[in-house]
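Peer 1: Take a look and give me a structure for this.
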Amino acid sequence: MTEFLTQLLTLNFALGALIVFFGGLIHGYTGFGAGLLIVPLFSLLFGPVEAIAITTIVALFGSAQLYRGAARHANWRELLPILVAIVLFTPVGTYLLFNMDPDLVRRATGGFVLVIALILMSGWIYRGTRGIGPSAVAGAMAGAISGATGVGGPPIAIYFLSSPQPAETQRGNIVIAVTVLIVMVMVAVAAGGGFTAETLIRGVVLTPAYIAGTWSGSRLFAIAPKEYFKRVALWFLLATGVGIVLL
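Peer 2: Numbering: from 1, shown residues only. Model prediction:
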């Protein structure tokens with residue numbers, strides 16, 4: 001254990017703390033997106049399964065900071081079918097995570113984010129019907145993708161950002177859905193044996209950096225003009241997708 005603790009005092013771990021802080025900053029401002037930044041980069045440092053496990057630990061604390069405020073603004077009627085689909089389909093994705101080649105999982109993560117980036121570059125916005133069916137499809141996609149790659153937030157973000165609701169409601173819906181995603185991925189990864197003592201220690205040690213980032217992002221959302229919210233969220237998805245593919 002002493003030898004493991006000495007590994008925390010390395011350049012790689014310091015880099016990990018910086019990544020976690022900026023992931024928390026994005027999560028605090030947009031309500032999602034931490035996994036898009038943290039999971040691909042942590043996959044290079046620790047491997048895909050541990051990267052997802054660590055991300056769920058730190059992101060759970062970040063979501064706890066945002067949940068109360070988000071719950072006041074969320075549209076719970078629209079959220080319910082999404083949350084049910086997330087609960088049902090996240091274990092399906094996690095099964096793929098544990099039974100696929102790690103390099104394939106990493107490439108799938110990058111490919112998925114690239115697809116999202118290309119969709120955003122095209123200027124496409126979902127303008128179809130909004131109801132139980134479309135909401136359930138968005139939740140199922142998010143759950144399966146998040147279970148397999150740890151970056152299931154974009155389907156939910158795209159679905160909610162295309163709604164005519166105020167920015168506070170959009171962000172509230174995203175925060176609640178992402179919180180449930182995080183909990184379900186954590187449970188599924190734990191059931192599959194993805195948490196080790198080292199993983200837990202890394203997650204706990206990195207959590208303060210994530211909490212600081214999340215607090216900073218939530219303060220930024222409170223003071224920044226609300227019309228910036230959707231623009232920042234979409235451009236972050238675009239930049240992250242391109243960046244991951246180029247790594």
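Peer 1: Where do the helices of this protein begin and end?
Peer 2: Residue ranges of the helices in the chain, as given by DSSP state H, are 2-6, 11-30, 34-46, 48-73, 76-99, 102-121, 132-149, 153-161, 167-191, 197-223, 227-246.
Peer 1: what is the mean pLDDT for stretch 38-55?
Peer 2: Model confidence over stretch 38-55 averages 82 on the pLDDT scale.
Peer 1: Now do the buried residues in that stretch.
Peer 2: Of the residues in stretch 38-55, those with enough neighbours to count as buried (16 or more other C-beta atoms under 10 Å) are 38-43, 46, 48-55. Where you see a C-beta, it was placed from the backbone N, CA and C, and this is true even at glycine.
Peer 1: and the gap between Ala59 and Asp101?
Peer 2: Spatial separation of Ala59 from Asp101 under the definition C-beta to C-beta, to the nearest Å is 25 Å.
Peer 1: err, Gln165, not the other one
Peer 2: Gln165 sits 41 Å away from Asp101, taking C-beta to C-beta as the criterion.
Peer 1: ditto for Ala74
Peer 2: When distances are taken as C-beta to C-beta, Ala74 and Asp101 turn out to be 38 Å apart.
Peer 1: Those two: which is more packed in?
Peer 2: Taking neighbours as other C-beta atoms under 10 Å, Ala74 and Asp101 compare with Ala74 leading, 23 against 10.
Peer 1: shouldn't that one be in contact with Val175?
Peer 2: Yes. Shown here, Ala74 and Val175 form a contact pair, counting by C-beta atoms under 8 Å, at 7.5 Å.
Peer 1: what's the nearest residue to Ile54 if we skip its chain neighbours?
Peer 2: Using C-beta to C-beta, 6 or more residues apart in numbering and skipping residues adjacent in sequence, the residue nearest Ile54 is Gly203, 4.7 Å away.
Peer 1: Next, the contact list for the one you found, please.
Peer 2: Going by C-beta atoms under 8 Å, 6 or more residues apart in numbering, Gly203 touches Ala53, Ile54, Thr56, Ile57, Val58.
Peer 1: Farthest pair within these?
Peer 2: Ala53 and Val58 (10.2 Å; C-beta to C-beta).
Peer 1: Could you pull up phi and psi at Pro166?
Peer 2: Comment: the main-chain dihedrals of Pro166 come out as phi -60, psi 160, following degrees, to the nearest 10.
Peer 1: neighbours around the residue lying closest to Leu37 once chain neighbours are set aside, how many?
Peer 2: Leaving aside its sequence neighbours, Leu37 sits nearest to Gly23 (C-beta to C-beta, 6+ apart; 4.6 Å). A total of 29 residues lie near Gly23 under the criterion other C-beta under 10 Å.
Peer 1: Out of the helices and strands in this protein, which is least certain?
Peer 2: Between all helices and strands in the chain, the lowest mean by mean pLDDT, DSSP states H and E belongs to helix 2-6, at a mean of 55.
Peer 1: Look at the closest residue to Val183 other than its chain neighbours and say how many residues are nearby.
Peer 2: If you skip the residues right next to it in sequence, Val183 has Leu60 as its closest partner in space, 7.0 Å away by C-beta to C-beta, 6+ apart. Other residues near Leu60 number 17, with proximity taken as other C-beta under 10 Å.
Peer 1: give me every residue that touches Leu60.
Peer 2: Leu60 sits next to Thr179, Ile182, Val183, Met186 when contact means C-beta under 8 Å, 6+ apart.
Peer 1: Show me which pair in those is furthest apart.
Peer 2: Across those, the two members that end up farthest from each other (C-beta to C-beta) are Thr179 and Met186, 10.9 Å apart.
Peer 1: Dump stretch 212-223 to PDB, keeping only the CA atoms.
Peer 2: Below are the C-alpha coordinates for stretch 212-223, written out as PDB (Å, rounded to 0.1, in the frame of the first residue of the first chain):
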ATOM      1  CA  ALA A 212     -13.700  22.400  -6.800                       C
ATOM      2  CA  GLY A 213     -14.200  22.300 -10.500                       C
ATOM      3  CA  THR A 214     -17.900  21.600 -10.200                       C
ATOM      4  CA  TRP A 215     -18.400  24.500  -7.700                       C
ATOM      5  CA  SER A 216     -16.600  26.800 -10.100                       C
ATOM      6  CA  GLY A 217     -18.700  25.700 -13.000                       C
ATOM      7  CA  SER A 218     -22.000  26.200 -11.100                       C
ATOM      8  CA  ARG A 219     -20.900  29.700 -10.100                       C
ATOM      9  CA  LEU A 220     -20.100  30.500 -13.700                       C
ATOM     10  CA  PHE A 221     -23.600  29.300 -14.800                       C
ATOM     11  CA  ALA A 222     -25.200  31.500 -12.100                       C
ATOM     12  CA  ILE A 223     -23.400  34.700 -13.300                       C
END
